[in-house]
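*Asks:* Build the 3D model from these lines:
(chains A, B, C and D)
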Protein chains: 2
Amino acid sequence: MVTMADVARRANVSLSTVSYALNSTRPVAVDTRERVFSAMAELGYHRNAAARSLAARKSHVVALIFPAVEIGIGSTIGEFVASAAATARERGYHLVLWPLRADESADMVELARQGQADGVLLMEVTLEDARVAALRDAGIPVTLIGRTREPEGLSYVDIDFECTAAEAVAHLAGLGHEHIGFVNHSVRTQEAGYGPTVRMSADLATSAAAHGVRLVQTLCEETPVAGRAAVHDLLAADSELTAIITMNEMATFGVTAELAQLGRRIPEDVSVLAVVTSPGVVASTVPPLTVLLSPGAELGRLGTHCLIDQIEATVPVPRPVLVPCGLAAGGSTAPVRPH
Amino acid sequence: MVTMADVARRANVSLSTVSYALNSTRPVAVDTRERVFSAMAELGYHRNAAARSLAARKSHVVALIFPAVEIGIGSTIGEFVASAAATARERGYHLVLWPLRADESADMVELARQGQADGVLLMEVTLEDARVAALRDAGIPVTLIGRTREPEGLSYVDIDFECTAAEAVAHLAGLGHEHIGFVNHSVRTQEAGYGPTVRMSADLATSAAAHGVRLVQTLCEETPVAGRAAVHDLLAADSELTAIITMNEMATFGVTAELAQLGRRIPEDVSVLAVVTSPGVVASTVPPLTVLLSPGAELGRLGTHCLIDQIEATVPVPRPVLVPCGLAAGGSTAPVRPH
DNA sequence: TTGAAAGCGTTACCAG
DNA sequence: CTGGTAACGCTTTCAA
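*Replies:* Have a look, this model is predicted:
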């Protein structure tokens, strides 16, 4: 193995000069620098990562706490991960995956204490997430994807549910709908304090009130069968329903199927709008669904930047970011039919 | 920071004994061992990862070359990644993501040479994949997810396309179908030498011949619109078609939609069988699709084991594994109608 | 602008 | 069964 000492010898400089040339952490004369670099090229030098980490007390690694179970079928998580990995790489970091459940926060802290990562990206954050305190107490830099109930002082990026809810209701209200149903995630996720479930419910209610439209909601398991049942729940709660908002990809399949079976055409009889969704569900119906797309890649990019900023900053400065879902117009929403 | 020296002092043993106790790399008296461990607990010791890697010349990290673009919408890749990360963890390794395109094999080798990872898991392998040679020449342990045209002597795990194709044809032939269509991935993937596209095409043809059924094939872009067109391509090629096999998730949406629009019911008029697919597409139709599920999690687990076996073996012993797709019966296939 | 040298916290060899 | 100690290859302080 070629070391810095070898390079130094070859370039007729000291070992430390090689290091400084490589890291630009101290000015080095141009010709010296050149000699160093050609020596490295000639020798085929590769800087040893472990030695660097040991000496610098820095791993140049960020960890992503990877959710054990995915809600839904979509590619959102994949997009998020790919974009986080790419962003980390751009900034000279590596992304490692720690597949830890929410109750394994001790393991998480242990790994960080071993210096396996300089900071942590926490996904699937719940409203009362015990992991956040565990990390904070351990002094480990962390950025949340999502946020707790009281996220003040924390670094996080999340979907702007308020804005997304407002857009969803505005879109439908603008088409004349005054009776809207909402198919949410499951009771389980609500009880777990899963942010999207809780926030979207509240924010849609607020927006609906502001537009003077009636909103009926139902929680729904993540299966098509449950989605079918949800349609009946909503119709029972409001027989004048003309539009349905869904935030549950598997259930959405059931919703559209059940509407078809009931002879209610989309969008002529009922408008359907899927929110916080991945691009894959768009194509699941004919016409394609109108959706508000989950900004997976954007969250991955922003979250990673936030975390690395925090790691590299001398003073930890949380910088929260909220990203709204973007509308992708399909053909599943239309003006309400006069009757 | 608490070091081994601190622990040694506290336990009244030498530093090396602490190391040996921790790694069980040399017998240690039971009581000594206990003293060491309680000292570690009392002091809150955490073994430093960088120092360990440096001294042992081993990172305990495996890298996953993460595909830049996903084909399809499914959760297969997510399942694969999650399962690979979990398996790595079970074996004392970490999984890092290297989001590198196929033409960035130089970067891949460079990272490995820096000691950032002990081995590499290569996804989306094509028939003539230049990265494989690059890694082999550099002496870097690698396991392919997929395989090249001539995979002899390489370590790989892949879908057993031959077996999967045989099962697909046997399933439909068993229902009496004698005119079957196949909607493959796009021309682009075929030209890139993407394994599934090329192998499934050949293996389905072989199986069809063996069963004496007529098979017509078409390559298809990964969009629902293209899937709709594919239906017409196939019908034009064989007007007596009674069954369609699809291996293209987005196209599958179009296929089912177009059949519905043509007034051809599934499965009464046409059977549809989606192969090498993720669970998400199952629910995309009513009745749910019959599918052959892509064994994403299984491949992640097996691939990671293969790689780590290879890393830890004194002699590199490739151990190829092929996994067939499992049938998940839905309601989209039925006996061919007598006419 | 450069050099010398002291760590960084382990692992693993050589002795006992 | 245990101890001493030389690497491991780099970063960074102190000195010139």
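
*Asks:* ok now do residue A:85, which residues does it touch?
*Replies:* By C-beta atoms under 8 Å, 6 or more residues apart in numbering or on different chains, the contact set of residue A:85 is A:95, B:66, B:97-99. All C-beta atoms are positioned from the backbone trio N, CA, C, and that covers glycine.

*Asks:* does it sit in a helix or strand, and which one?
*Replies:* helix A:76-90 (DSSP states H and E).

*Asks:* After that helix, which helix or strand is next?
*Replies:* As assigned by DSSP H and E, the chain's next helix or strand after helix A:76-90 is strand A:94-98.

*Asks:* Let me know the average pLDDT across that following strand.
*Replies:* Averaged over strand A:94-98, pLDDT sits at 96.

*Asks:* ditto for stretch A:318-326
*Replies:* The pLDDT scores in stretch A:318-326 average 93.

*Asks:* send the alpha carbons of it over as PDB?
*Replies:* The C-alpha coordinates for stretch A:318-326 follow below in PDB (Å, rounded to 0.1, in the frame of the first residue of the first chain):
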ATOM      1  CA  PRO A 318     -31.300  24.200  13.200                       C
ATOM      2  CA  ARG A 319     -32.900  25.300   9.900                       C
ATOM      3  CA  PRO A 320     -36.300  23.800   9.500                       C
ATOM      4  CA  VAL A 321     -37.700  23.400   6.000                       C
ATOM      5  CA  LEU A 322     -41.200  22.600   4.800                       C
ATOM      6  CA  VAL A 323     -41.900  21.500   1.300                       C
ATOM      7  CA  PRO A 324     -45.400  21.300  -0.200                       C
ATOM      8  CA  CYS A 325     -46.600  18.600  -2.500                       C
ATOM      9  CA  GLY A 326     -46.800  19.600  -6.200                       C
END
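
*Asks:* Pull out the buried residues from that stretch.
*Replies:* A:318, A:320-325 (16 or more other C-beta atoms under 10 Å in any protein chain shown).

*Asks:* From those residues, pick the one nearest residue A:223.
*Replies:* Using C-beta to C-beta, the shortest approach to residue A:223 within the buried residues of stretch A:318-326 belongs to residue A:325, at 23.1 Å.

*Asks:* So which of the buried residues of stretch A:318-326 belong to strands?
*Replies:* A:321-323 (DSSP state E).

*Asks:* Could you list which of those residues also contact DNA strand C?
*Replies:* Among these, proximity to DNA strand C is found for none (C-beta under 7 Å from any atom of the strand).

*Asks:* Among the buried residues of stretch A:318-326, list the two that are farthest apart in space.
*Replies:* For these, the farthest-apart pair by C-beta to C-beta is A:318 and A:325; their separation is 23.2 Å.

*Asks:* correct me, but residue A:269 touches residue A:332?
*Replies:* No: under the criterion of C-beta atoms under 8 Å, residue A:269 makes no contact with residue A:332, lying 11.5 Å away.

*Asks:* These two - which one has more neighbours?
*Replies:* Using other C-beta atoms under 10 Å in any protein chain shown, the more surrounded residue of residue A:269 and residue A:332 is residue A:332, with 23 against 14.

*Asks:* quick one: that one from residue A:274, how far?
*Replies:* Remark: distance between residue A:332 and residue A:274 (C-beta to C-beta, to the nearest Å) = 8 Å.

*Asks:* Pull up the overlap in contacts between the two.
*Replies:* Common neighbours of residue A:332 and residue A:274 (C-beta under 8 Å, 6+ apart) are A:289-290.

*Asks:* Pull the contacting residues for the closest residue to DNA strand D within the stretch 151-300 of chain A.
*Replies:* Proximity of the stretch 151-300 of chain A to DNA strand D (C-beta to the nearest atom of the strand) peaks at residue A:155, 23.6 Å away. For residue A:155, the contact set (C-beta under 8 Å, 6+ apart) comprises A:141-144, A:306-307, A:310, A:316, A:318-320.

*Asks:* pLDDT value on it, please?
*Replies:* In this prediction residue A:155 is given a pLDDT of 96.

*Asks:* cool, and residue A:72?
*Replies:* Looking at residue A:72, its pLDDT is 57.

*Asks:* And residue A:89, by the same measure?
*Replies:* 96.

*Asks:* Now it: closest residue in space that isn't a chain neighbour?
*Replies:* Setting aside the residues directly before and after it, residue A:89 is nearest to residue B:99 in space (C-beta to C-beta, 6 or more residues apart in numbering or on different chains), at 6.2 Å.

*Asks:* repeat for residue A:102
*Replies:* residue A:131 is the one closest to residue A:102 (C-beta to C-beta, 6+ apart), at 6.4 Å.

*Asks:* That neighbour and residue A:107 touch, don't they?
*Replies:* No: shown here, residue A:131 and residue A:107 do not form a contact pair, counting by C-beta under 8 Å, at 10.6 Å.

*Asks:* which one of these two has more residues nearby?
*Replies:* The neighbour comparison of residue A:131 against residue A:107 (other C-beta under 10 Å) goes to residue A:131, with 24 against 13.

*Asks:* Can you name the residues of the stretch 1-150 of chain A that neighbour DNA strand D?
*Replies:* So the stretch 1-150 of chain A meets DNA strand D at A:1, A:3-5, A:15-16, A:19-20, A:22-23, A:25-26, A:45-48, A:51-52, A:54-56 (C-beta under 7 Å from any atom of the strand).

*Asks:* Pull out the buried members of the residues you listed.
*Replies:* Counted by 16+ other C-beta under 10 Å, these give A:3-4, A:19-20, A:22, A:45-48, A:51-52, A:54 as buried.

*Asks:* I'd like these written out as a markdown table, with secondary structure and distance to residue B:116 added.
*Replies:* Shown next, in a markdown table, are those (DSSP: H, G, I helix; E, B strand; the rest coil; distance: C-beta to C-beta, whole Å):
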| residue | secondary structure | distance to residue B:116 |
| --- | --- | --- |
| A:3 | coil | 17 |
| A:4 | helix | 17 |
| A:19 | helix | 19 |
| A:20 | helix | 22 |
| A:22 | helix | 16 |
| A:45 | coil | 15 |
| A:46 | coil | 10 |
| A:47 | coil | 10 |
| A:48 | coil | 10 |
| A:51 | helix | 12 |
| A:52 | helix | 10 |
| A:54 | helix | 14 |
